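[1] For reference, the sequence and a predicted model appear below.
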Amino acid sequence: MGRTFAALIGRATRGTDLRPWPRLHADVEGWLRAAGGLRDGAYGLAGYWGEPGRVNLALIDIPTETAEAPTGGLCLVSLDCPAGRFPSVGAVFPPAIRLERTICDLHGMRADGNPDPRPWLDHGCWRAREGMPGAAPAGRATDYPFLPVEGESLHRIPVGPVHAGIIEPGHFRFTCSGETVVRLEERLGYVHKGIEGLMAGASLERAAHLAGRVSGDSTVAYALAFAQAVEAATQTVVPERAVWLRALMAELERIANHLGDIGAICNDAAFSIMLAHCGVLRERVLRAAALCFGHRLMMDKVIPGGVAADLTTDGRAVIEGLLAEVRARLPELAGLYDKTTSLQDRTVGTGHLRPDLARRFGCGGVIGRASGRAVDARRLPGYPPYDQLPFDIPVAEAGDVDARVRVRFAEVVKSLSLITHALARMPAGPVLATISPSDGDQPAEGLALVEGFRGDILLWVRLRPDRTVDRCHARDPSWFQWPLLEAVIEGNIVADFPLCNKSFNCSYSGHDL
Amino acid sequence: MRIIRHLRTLLDAPLTEAAPPAADAALAELAGQVDAAARQRLGRSLSIREVDAGSCNGCELEIHALNNAFYDIERFGIRFVASPRHADVLLVTGPVTRNMREALERTYVATPSPKWVVAVGDCAVDGGLFAGSYAVEGGVAAVIPVDLHIRGCPPTPTQLLAGLLALLGSSR
Ligand code: SF4
């Protein structure tokens, strides 16, 4: 563990108001010290969110420039700011800027010193702000001041929010010199649904449903993160069989999404046969999921306390059949990708993400791993049952679209073998425990980090003594990936943007909340 | 040669499945709404522009699936187009966030008549799980006129197909 991180958690308390990670109630000086550690690369940023009268900073002991033998451990630093102002972290650590703008949008608080005071999720269309009813909304979306770009013969291409394909909405402002992109500026927030506001006061059941719809493609991972956070807060022990079933579902979700992404990336290079083949395999995964668990995307199947559907003997046979089919077809598809030089002509060297940028932004998932970061929440910090399973983390160094395709192929192979292990080791028994009731009149908080197909999802929840949700915050991996898309497109031609974008496949819904 | 090997599925039985019957509920909702003259003009094809108006992206995954070999929606003359100017149908998902309201209205205006709006998913019907939030309008019909609702969270590709076939049938 890094020394600075150790010093930080040395001052924190453990197991009182937050579980399972330590929590530091900081004063302004402690807050600034925590920000300084981020600036110096002593640890990484795992999340940053507000609630009425308070800001929270989740720090993670992960591979950075200076951390030794990182554990993946988390520490939550909280600062009370009853006057609605707090010192900016973004001022010294730019990856925090968008998160800070969001805190200001949602809670009307001010980050003193934030270099970018423009609104982010707030487009000036809400009639009230969550947690701040009646607060004046920001300016109109059309007035949004994009960053100025100056230079000879530059032109701008505005794209979105409604895009040409069946994809989520967002706005991209390209500045180009001829065909080459010199700058991309993103404008997001179009699908902000106010999930944190809806969570406040929700029953556990309703909150779990909401968590499962923060980003529908990662519904299992989000439901798992929510369940883990609730179980940590309430010290509920999940039955062993449910732990394995959760891993089974999570890996099915990962396989389905990676197959979809591989097909979609190749399709954007006009290699549609890959999309056709991957589409068939993906459909087989979803059909197997529907047969086994009653829902193609397995929505609402992971719930606090366990899982909502057990795997029958027939279901087991369905999964085994699916594994056999994907195992049989995948090498052909990987070979097809490998040997099609016209396709690699588009993917190799395109959209290069520098490893130091990936590290600085704490970029996880396929994108981070394709740029040399050996991070995966299943390993760092790790959670059951992955701590009992043998698997290594596929990593590539090249950092281009090609590397992101190859890491996806490699991860599908790993997930197939994880499912085989899960089927072999899953004990018989119950699959659902009741959430332990509160033994006092104090709220209970839980924090979880779960690896979805896109990367690490952080979820924090505070429960009231009656076990309804007081506040809940979910941080999508895309928060630390979207800004890097702006960086990787620089110097590429406009026509390669779809490839870069698909190879990232960030979530709009998960980001916009 | 490699490509040929991957095309060998041409020799296998097709994966594409028989069409589901047009959804009864959809037929009932459409009855009398689609006027005969418009039906004539549409002929046997539908061009669809998909608009995500605040979905969780679950609905998009299943709409995508309509293009895979099992459902192969293009065999019915239904295809997805890139511009609302080329569209007969807007397929709208999500509870319509306030931040997407204007974009949805503009997309509707940009679509030439005759046009139909299909609201896809429980969110698009009445806001679904997100109803009541300060940030959503609470369903597509709160913003533009809707001709057909396809429920589900998300609706399966089969449900989507059944709904769209009802629209195609009633517009024939
Ligand atoms: S209906 Fe369900 S799947 Fe579709 S957008 Fe709404 S929450 Fe997501």
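    Alright, I've got the coordinates.

[2] which residues touch A:Gly216?
    A:Gly216 makes contacts with A:297, A:299, A:509, B:55-61, B:154, as judged by C-beta atoms under 8 Å, 6 or more residues apart in numbering or on different chains. For glycine as for every other residue, the C-beta is placed from the backbone atoms N, C-alpha and C.

[3] Please apply the same query to A:Asp17.
    Shown in contact with A:Asp17 (C-beta under 8 Å, 6+ apart): A:23, A:442-445.

[4] Okay, and which of those residues map to strands?
    For the contacts of A:Asp17, the ones inside strands are A:23, A:444-445, with DSSP state E as the criterion.

[5] In terms of helices and strands, where is the residue of the stretch 401-513 of chain A found nearest the ligand?
    Residue of the stretch 401-513 of chain A nearest the ligand, by C-beta to the nearest ligand atom: A:Ser509 (8.1 Å). Following DSSP states H and E, one finds A:Ser509 within helix A:508-512.

[6] same deal with A:Ala229?
    Assessed by DSSP H and E, A:Ala229 sits inside helix A:219-234.

[7] which element follows that helix toward the C-terminus?
    helix A:240-268.

[8] tell me which residues in that next one are buried?
    A:240-268 (16 or more other C-beta atoms under 10 Å in any protein chain shown).

[9] Same check on stretch A:329-348?
    Burial within stretch A:329-348, assessed by neighbour count using 16+ other C-beta under 10 Å, is assigned to A:329-330, A:333-334, A:336-337, A:340, A:343-344, A:346-347.

[10] List phi and psi for B:Thr93.
    In terms of degrees, to the nearest 10, the main-chain angles of B:Thr93 are phi -110, psi 160.

[11] burial measure for the residue of chain B found nearest chain A, as a count.
    At 2.6 Å from chain A, B:Gly58 is the closest residue in chain B, using C-beta to the nearest C-beta. Neighbour count for B:Gly58, taken as other C-beta atoms under 10 Å in any protein chain shown: 26.

[12] Could you check the pLDDT of the nearest residue in space to it that is not next to it in sequence?
    Closest residue to B:Gly58 apart from its sequence neighbours, by C-beta to C-beta, 6 or more residues apart in numbering or on different chains: A:Gly216 at 2.6 Å. With respect to pLDDT, A:Gly216 scores 97.

[13] now do B:Ala23
    Looking at B:Ala23, its pLDDT is 81.

[14] wait, isn't it in contact with B:Gly163?
    Yes: using C-beta atoms under 8 Å, B:Ala23 makes contact with B:Gly163 at a distance of 5.1 Å.

[15] Tell me which of the two has more neighbours.
    B:Gly163 (27 against 24).

[16] Quick check: which element contains the more buried one?
    Using DSSP H and E, B:Gly163 falls within helix B:157-170.

[17] Checking the residue of chain A most remote from its centre next. Helix, strand or coil?
    Distance from the centre of chain A peaks at A:Glu152, with 38.7 Å (C-alpha atoms, centre = their mean). Under DSSP: H, G, I helix; E, B strand; the rest coil, A:Glu152 falls in the coil class.

[18] how far away is it from B:Ala124?
    Distance of A:Glu152 to B:Ala124, given as C-beta to C-beta, to the nearest Å: 47 Å.

[19] wait, B:Phe76 sits on B:Leu165?
    Yes: using C-beta under 8 Å, B:Phe76 makes contact with B:Leu165 at a distance of 6.6 Å.

[20] Find the residues that touch each one of these two.
    In terms of C-beta under 8 Å, 6+ apart, B:Phe76 and B:Leu165 are both contacted by the residues B:Ala19.

[21] Show me what the helix holding A:Ala229 is packed up against.
    For helix A:219-234, the elements it packs on are helix A:204-211, helix A:240-268, strand A:302-303, strand A:444-452, strand A:455-463, strand A:469-475, judged by 3 or more C-beta pairs under 8 Å, 6 or more residues apart in numbering or on different chains; DSSP states H and E.

[22] Now do the helix or strand following the longest one, average pLDDT.
    Once helix A:240-268 ends, the next helix or strand along the chain (criterion: DSSP H and E) is helix A:272-293. The average pLDDT within helix A:272-293 is 97.

[23] again, but for stretch A:458-476
    97.

[24] for that stretch, which positions count as buried?
    Buried, per 16+ other C-beta under 10 Å, within stretch A:458-476: A:458-463, A:467, A:469-476.

[25] what's the farthest-apart pair in the residues you listed?
    The two members of those with the most space between them (C-beta to C-beta) are A:Arg467 and A:Asp476, at 25.5 Å.

[26] one step back: how about the contacts made by the residue farthest from the centre of chain A?
    Counting by C-beta under 8 Å, 6+ apart, A:Glu152 has no contacts.

[27] With A:Ala334 instead?
    A:Ala334 sits next to A:Phe409 when contact means C-beta under 8 Å, 6+ apart.

[28] And the pLDDT at it?
    97.

[29] is it fair to say it lies in a strand?
    No: using three-state DSSP, the assignment for A:Ala334 is helix, not a strand.

[30] Now name the helix or strand holding the nearest residue to A:Trp120 once chain neighbours are set aside.
    Excluding its sequence neighbours, the residue lying closest to A:Trp120 (C-beta to C-beta, 6+ apart) is A:Arg101, at 3.7 Å. According to DSSP H and E, A:Arg101 maps onto helix A:97-107.
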